[in-house]
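In: coordinates only, sequence not included:
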């Protein structure tokens with residue numbers, strides 16, 4: 001335990017102290033010999049200057065236990081945290097021991113980050129974000145883009161899992177660095193896609209005007225190079241923004257343009273944007289009471305969603321959304337029995353596939369919220385009472 005809780009003391013040699021700072025301290029006026037040490041006669045002065053420089057650096061370090069600035073003693077194993085002294089280190093050991101380990105090489109860190117990224121463990125990736133600049137140092141642009149992508153995707157997953165705007169803003173910041181790199185490499189399709197992703201994250205954080213600016217840039221790239229997937233995403237985002245601001249005619253036109261570009265975005269039989277655009281266009285038409293245009297779109301959305309569910313092996317979020325759209329359409333037409341049938345089908349799918357759907361908690365909450373708004377369609381006297389109670393329980397669980 002003594003070795004585990006050992007501290008780097010102020011009284012260690014100047015050479016060891018310089019090494020602890022990475023060997024990068026510049027001492028004006030201190031001559032060095034070929035071996036890198038202070039010349040004879042100047043050693044004491046050099047050592048004092050090194051000690052003073054390290055003390056200045058250490059003043060910026062807060063104690064990992066009490067938080068007091070100017071902690072001068074560092075854990076001798078991981079060399080990552082500082083303490084006021086042995087008392088604070090011992091008091092903070094229970095928490096620190098879970099992460100205390102000798103420093104890893106850049107290659108070892110890369111391997112750990114890649115393993116966490118491949119496994120989809122976004123928290124495991126973000127544990128190493130403090131070392132991101134070190135991982136990128138001296139790497140070619142393509143490798144830097146890959147490293148930025150790891151942390152970008154981790155923040156994106158964090159945003160989707162927690163709804164935290166901070167994760168969304170961090171993803172947007174990393175995305176803007178990727179845009180610059182991709183431009184240098186002349187990877188313009190990827191650059192346009194990255195711009196759309198930045199917009200998505202800014203919109204999730206409530207920064208809609210900034211988000212629209214990135215979409216306009218992406219749209220220009222799409223038009224210049226004929227990138228249909230980028231055009232689809234850009235028009236979709238701009239259409240959503242227009243609808244939000246009450247520019248309904250412009251929003252519908254943009255969403256129609258996005259839908260026209262969606263089939264041209266298909267890759268290996270899979271169209272990643274069609275379902276999203278259809279869902280947004282259907283909601284926009286409901287908003288503008290254009291009921292007569294909804295039938296073919298809801299049918300197309302339902303068929304595409306079932307195909308996605310078949311690929312995934314469980315009901316996709318869009319299959320559940322399509323049932324909500326059908327129920328809304330039947331209700332708008334004054335067809336309560338058909339609407340009740342669709343609501344029952346939706347709630348049954350939610351109940352039977354909670355584990356799969358809850359991997360996307362905000363989509364799950366959206367669907368339950370929609371379902372709850374249609375509970376009045378159901379009739380407790382005709383076998384729906386248990387269904388209503390189960391939905392109410394799920395909503396209460398989500399609110400907690």
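Out: Everything's here; your move. From a predicted model like this one, the values you see are computed outputs, not experimental measurements.
In: all contacts plus neighbour counts: C-alpha atoms, from now on.
Out: Will do.
In: Kindly list the main-chain dihedrals of residue 185?
Out: As for residue 185, its main-chain torsions (degrees, to the nearest 10) stand at phi -90, psi 0.
In: what's near enough to touch it?
Out: Going by CA atoms under 8 Å, 6 or more residues apart in numbering, residue 185 touches 141, 142.
In: where's it relative to residue 284, distance?
Out: In this view, residue 185 and residue 284 are 38 Å apart by CA to CA, to the nearest Å.
In: ditto for residue 254
Out: Per CA to CA, residue 254 is found 11 Å from residue 284.
In: which of the two has more neighbours?
Out: Taking neighbours as other CA atoms under 10 Å, residue 254 and residue 284 compare with residue 254 leading, 24 against 21.
In: Excluding covalently adjacent residues, which one is nearest to the more buried one?
Out: Nearest residue to residue 254 in three dimensions, chain neighbours excluded: residue 239, at 4.8 Å (CA to CA, 6 or more residues apart in numbering).
In: That neighbour belongs to a strand, doesn't it?
Out: No - assigned with DSSP: H, G, I helix; E, B strand; the rest coil, residue 239 falls outside any strand and is helix.
In: what residues are up against it?
Out: So residue 239 contacts 250, 251, 252, 253, 254, 255 (CA under 8 Å, 6+ apart).
In: What's the per-residue pLDDT of it here?
Out: Predicted confidence (pLDDT) for residue 239: 96.
In: In the contacts of residue 239, find the pair that's most separated.
Out: Largest separation among the contacts of residue 239 by CA to CA: 250 and 255, giving 8.7 Å.
In: Same drill for these two, tell me which one is more crowded.
Out: Neighbour count, other CA under 10 Å: between residue 250 and residue 255, residue 255 has more, with 28 against 16.
In: where does the protein dip in pLDDT?
Out: 1-60, 265-270, 350-400 (pLDDT under 70).
In: what's the longest helix in it?
Out: The residue-count maximum for a helix in the chain (DSSP state H) belongs to helix 141-162.
In: after it, next one along is what?
Out: Next in sequence after helix 141-162, counting helices and strands by DSSP states H and E, comes helix 165-184.
In: tell me which residues in that next one are buried?
Out: Neighbour-count burial for helix 165-184, counted by 16 or more other CA atoms under 10 Å, picks out 165, 167-172, 174-176, 178-179, 181-182.
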